[in-house]
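In: Compute the structure for the input listed below.
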Amino acid sequence: MDKTIIKGAVFDMDGLMIDTEKLYLRYWKKAAEDYGYPMEDKHVYAIRSLARKFSNPLLKSFFGEDFPVDDVRQRRTELINAHIEENGIDIKKGLFELFGFLKENGIKIAVATATPRERTLLYLEKINVLDYIDTIVCGDMVTTGKPDPEIYLTAARELGLSPTECTAFEDSPNGIKSAYSAGCQAIMIPDMTPPDEELMTLLSGVYDNLEAAAEYFKGRI
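Out: Just a heads-up that it's a prediction; the model follows:
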């Protein structure tokens with residue numbers, strides 16, 4: 001078994017740290033409906049964690065070139081913001097337990113998310129987690145987002161580490177592909193979809209929740 005020493009941990013945000021993927025699912029469909037388009041769960045799953053340069057053409061391939069992707073996206077964001085303003089943000093099980101464990105063991109922590117920086121900082125501040133995090137890399141801070149490896153390569157560099165010294169935590173297939181391509185040890189905490197056989201070949205581990213994932217670090221820190 002690979003026992004590469006781990007010095008950094010890089011986390012996706014939506015669906016991994018915070019329980020927001022269910023909001024994206026709900027409000028992508030609602031926003032599209034508001035514009036007269038029948039978006040289904042499968043369409044939302046297909047664009048999870050994708051950068052806009054990938055997700056926008058994909059959405060147009062689903063609904064046609066006239067699909068008002070920017071307007072629908074803006075409407076989705078408005079709906080999500082209103083929901084969070086009224087209800088707050090649910091934190092995924094084990095987040096603070098794992099962050100505490102990592103800090104106690106001297107592991108650097110980064111966030112690598114497709115979400116724009118302004119909204120990322122808002123969400124992380126709302127859940128009081130910023131003090132744990134050493135660096136944040138967002139979708140609007142890189143040239144090519146997930147599933148391209150750039151965001152994970154950037155996060156590792158910001159931590160002063162090689163990607164091979166970093167464990168990456170993701171909930172989506174596109175995120176796993178990004179982390180694996182960068183050379184990170186990819187750990188999946190499934191949220192909306194479990195890993196299929198193809199994705200399993202990219203994974204160093206799969207856990208039910210973030211707290212359980214502390215097990216992976218035994219003998220590696």
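
In: Residue 23 is in contact with residue 83, correct?
Out: Yes. At 5.9 Å, residue 83 and residue 23 qualify as touching, with contact defined as C-beta atoms under 8 Å. (Glycine included, C-beta is placed from N, CA and C.)

In: Give me the more crowded residue out of those two.
Out: Neighbour count, other C-beta atoms under 10 Å: between residue 83 and residue 23, residue 23 has more, with 21 against 15.

In: Residue 98 versus that one, what's the distance?
Out: 22 Å (C-beta to C-beta, to the nearest Å).

In: so residue 66 sits in a helix?
Out: No. Looking at residue 66 with DSSP: H, G, I helix; E, B strand; the rest coil, it is coil, so not inside a helix.

In: For residue 92, give me phi and psi.
Out: phi -70, psi 150 (degrees, to the nearest 10).

In: from memory it sits against residue 21, does it?
Out: No. In this structure, residue 92 is not within contact of residue 21 by C-beta under 8 Å, at 9.8 Å.

In: Need the residues touching each of the two.
Out: Residues touching both residue 92 and residue 21 (C-beta atoms under 8 Å, 6 or more residues apart in numbering): 15, 191.

In: can you pull the buried residues of the longest helix along the chain?
Out: Taking DSSP state H as the criterion, the chain has its longest helix at helix 69-87. Buried residues in helix 69-87, counted by 16 or more other C-beta atoms under 10 Å: 69, 72-73, 75-76, 79-80, 84.

In: Next one, pLDDT for residue 1 please.
Out: Residue 1 is assigned a pLDDT of 42 by the prediction.

In: So what's the residue count around the spatially closest residue to residue 77 that is not a sequence neighbour?
Out: Closest residue to residue 77 apart from its sequence neighbours, by C-beta to C-beta, 6 or more residues apart in numbering: residue 119 at 7.7 Å. Using other C-beta under 10 Å, residue 119 has 19 other residues around it.

In: now swap in residue 184 and tell me
Out: 31.

In: gap between the closest residue to it other than its chain neighbours and residue 158?
Out: Ranked by C-beta to C-beta, 6+ apart and with sequence neighbours excluded, the top spatial neighbour of residue 184 is residue 168, at 3.9 Å. Plainly put, residue 168 is 14 Å away from residue 158 if you go by C-beta to C-beta.

In: Looking at the two, which one has more neighbours?
Out: Each of residue 168 and residue 158 has its neighbours counted (other C-beta under 10 Å); residue 168 has more, 29 against 18.

In: Just the residues contacting the host helix or strand of the more buried one, thanks.
Out: Assigned by DSSP states H and E, residue 168 belongs to strand 166-170. By C-beta under 8 Å, 6+ apart, the residues outside strand 166-170 that reach it are 6-12, 16, 49, 110, 112, 152, 155-156, 159, 175-176, 178-180, 182, 184-189, 204, 210, 213, 216-217.

In: again, but for stretch 41-55
Out: 12, 14-15, 21, 24-25, 28-29, 58-59, 62, 114, 139, 142, 144-148, 170, 172-175, 178, 192-193.

In: gap between it and the chain center?
Out: 12 Å (C-alpha atoms, centre = their mean, to the nearest Å).

In: What's the mean pLDDT across that stretch?
Out: 90.

In: can you check stretch 188-204 too?
Out: Rounded mean pLDDT across stretch 188-204 is 95.

In: Would you mark the buried spots in that stretch?
Out: 188-191, 195, 199, 203-204.
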